[in-house]
Structures are given as structure tokens and as C-alpha cells.
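> What shape does this take:
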Amino acid sequence: QVQLVESGGGLVQAGGSLRLSCAASGSIFSINAMGWYRQAPGKQRELVAAITSGGSTNYADSVKGRFTISRDNAKNTVYLQMNSLKPEDTAVYYCNAGDLEYYSGGSRRYEYDYWGQGTQVTVSS
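Now for the predicted structure:
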């Protein structure tokens, strides 16, 4: 089985920084895109940033210039450096692995979307 383990969330004052990490573990063959989504209370889950195995990135307009996504393919780990945080960045942040191929029970399996358990980020004003 595959696990996405997130870390780095917490409470920070507006203008501060946090760095989220997400490590994928298990018998992983490949992961195409890894990314971060967030969900604030009463709102839909939204894409924050994503990065492909080739290094192409995509950011939500609301975080461009403030957040940076990076990835260590050898470690199947994705990072999100969040600077100049605002109260509106407060949400549960979820790690996502897209086009995941892995081995389980002697078989090669595929998941279109695979999610971590989420980590809370709270930005106080």
C-alpha cells in the first residue's frame, strides 16, 4: 500500500513562512504529478500548486509569487515553501499524487488521484 505523509503545518502570524513536506512511501513505480490542494471551512478543495516529474509547475493565482513548489523524485517527496502568508491561506492542506503506479499484492496498480490525510495551516492576523 502507498502512504502520503504530510508534515510542516502549524500556526503562524501573517507575513510569516511555513514549509510543507509530503513523502510518498510504499512500492511505488512512478508518480506523474504531485501537488498541494487546500480546503478552508465551507469552501471547496482547490489546487494550490502542482509539479510534474519533469519539473513543470502550476500555481493558483492567489499564491503566485509567494509559494514555491519543489520535488525530489528520488525520494518521492514534494515540498511547498509558503512565504508572506495571509489569513486567507488558512486551510487544511492536502498532498496529492497524480497518475500513481505502484505494486501491491503482487500486481501493478494505478490510481488517478491519491491523497494524504491533510495538515492544518492557520495564519493569524
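> Give me the buried positions along whichever strand or helix holds Leu20.
Per DSSP states H and E: Leu20 is located in strand 18-25. Judged by neighbour count using 16 or more other Cβ atoms under 10 Å, the buried positions of strand 18-25 are Leu18, Leu20, Ser21, Cys22, Ala23, Ala24. In short, each C-beta sits where N, CA and C put it, glycine included.
> OK, contacts around the residue lying closest to the last one once chain neighbours are set aside?
Spatial nearest neighbour of Ala24, excluding adjacent residues (Cβ to Cβ, 6 or more residues apart in numbering): Asn76 at 4.0 Å. When contacts are counted by Cβ atoms under 8 Å, 6 or more residues apart in numbering, Asn76 is found next to Ala23, Ala24, Ser25, Ile28, Ile31.
> Who does the third one form a beta bridge with?
To tie it back to what came earlier, the one meant is Ser25. Taking DSSP bridges, one obtains Gln3 as the residues bridged to Ser25.
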